[in-house]
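Peer 1: Here is my input; please provide its structure:
(one chain, ligands or ions: 3)
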Amino acid sequence: KPSLSVKDLHVNIEDKEILKGLNIDVKGGEIHAIMGPNGTGKSTLASSLMGHPNYNVTKGEASIDGKDLFDMEVDERAQAGLYLAMQYPSEISGVTNADFIRSAMNSRREEGDEISLMKFIRKMDTEMGKLEIDQSFQHRYLNEGFSGGEKKRNEILQLLMLEPRIAILDEIDSGLDIDALQVVAKGVNSLRSENFGCLIITHYQRLLDFVEPDFVHVMMQGKIVKSGGPELAKKLEEKGYEWIKEELGIED
Ligand code: ADP
Ligand code: MG
Ligand code: MG
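Peer 2: Ligands and ions are numbered 1, 2, ... in the order given. So this is what the prediction gives:
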């Protein structure tokens, strides 16, 4: 079973401490949600686990399947089965979507065991069908001129194609209308298995109406301050975050 484990993680951006001792464990078969107010460090968590160079890990550890993440290059993390869907996916000119996905899939396979073009095309067709993505997407340059919703659908397409062991989805739901949200949810739900663990980072509980998390964590001021089940997300939706601050005596 895959596992992502984060212990006492401290991360600085420039000289400012953003993550202040964050702990989380995600295992295969589990869907976790991290919710929290804006500016609390949710994207910082995602980016530092993926190895973004601007994020400086000053203390703590993180591992995938017991292997030290911070010892790995960015591409090694992906090869180990970690996938990050970014809040702001970048555009890559000159590389088509299909080429990008195929090379990402092959980078996780042994040399000589590359996916055949036939199999790739068949799988791409199937997954695009599930997500109601237009065929023309394959041949367009990665994210170039994609609308917000198209980018998010495309991230989910990559997810279904790559079948990572652990996925971190950073605000994959932001800016989506209800139809796109349901498509995204359908994609995530179709991956649910013992071989897949998922961390959904979100500001709103909307997506969690369609993807029921096993665990919900509230993040504030750089750490997880409260954890519970799906009911916690509903309570946050109704009551906001202030009551947690009061309950835990957190000052702004
Ligand atoms: P969230 O995703 O929870 O909204 P972020 O992780 O994006 O929060 O940001 C956490 C904090 O780090 C915020 O105070 C933000 O202003 C700061 N921050 C984020 N990115 C940068 C950056 N590139 N340079 C300086 N500060 C940053
Ligand atoms: Mg934000
Ligand atoms: Mg963010």
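
Peer 1: Residues touching the least confident helix or strand in the chain by mean pLDDT, excluding its own?
Peer 2: Confidence across the helices and strands of the chain bottoms out at strand 92-96, with a mean of 78, counting by mean pLDDT, DSSP states H and E. Outside strand 92-96, the residues that touch it by CB atoms under 8 Å, 6 or more residues apart in numbering are 100, 138-144. For glycine as for every other residue, the C-beta is placed from the backbone atoms N, C-alpha and C.

Peer 1: Run the chain-centre distance for that strand.
Peer 2: Here the centre of strand 92-96 is set off from its chain's centre by 22 Å, with CA atoms, centre = their mean, to the nearest Å.

Peer 1: ok, now stretch 193-205?
Peer 2: Worked out by CA atoms, centre = their mean, stretch 193-205 lies 7 Å from the chain centre.

Peer 1: Which parts of the stretch 101-250 of the chain are helices?
Peer 2: 117-130, 148-162, 178-191, 230-239, 242-248 (DSSP state H, counting those that start in this stretch).

Peer 1: what mean pLDDT does the second one have?
Peer 2: Just to be clear, that refers to helix 148-162. For helix 148-162, the mean pLDDT works out to 87.

Peer 1: One more: the shortest one?
Peer 2: Looking at helix 242-248 alone, the average pLDDT works out to 91.

Peer 1: circling back: pick the most deeply packed of the helices of the stretch 101-250 of the chain.
Peer 2: helix 148-162 (a mean of 21; mean count of other CB atoms under 10 Å).

Peer 1: Export only the CA atoms of that helix, formatted as PDB.
Peer 2: C-alpha atoms of helix 148-162 as PDB (Å, rounded to 0.1, in the frame of the first residue of the first chain):
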ATOM      1  CA  GLY A 148      -9.500  27.500 -16.100                       C
ATOM      2  CA  GLY A 149     -12.000  24.700 -16.200                       C
ATOM      3  CA  GLU A 150     -10.200  23.000 -19.100                       C
ATOM      4  CA  LYS A 151      -6.900  23.100 -17.200                       C
ATOM      5  CA  LYS A 152      -8.500  21.400 -14.200                       C
ATOM      6  CA  ARG A 153     -10.100  18.700 -16.300                       C
ATOM      7  CA  ASN A 154      -6.700  18.200 -17.900                       C
ATOM      8  CA  GLU A 155      -5.100  17.700 -14.600                       C
ATOM      9  CA  ILE A 156      -7.600  15.000 -13.800                       C
ATOM     10  CA  LEU A 157      -6.900  13.500 -17.200                       C
ATOM     11  CA  GLN A 158      -3.200  13.300 -16.300                       C
ATOM     12  CA  LEU A 159      -4.100  11.800 -13.000                       C
ATOM     13  CA  LEU A 160      -6.200   9.000 -14.600                       C
ATOM     14  CA  MET A 161      -3.500   8.400 -17.200                       C
ATOM     15  CA  LEU A 162      -0.500   8.400 -14.800                       C
END
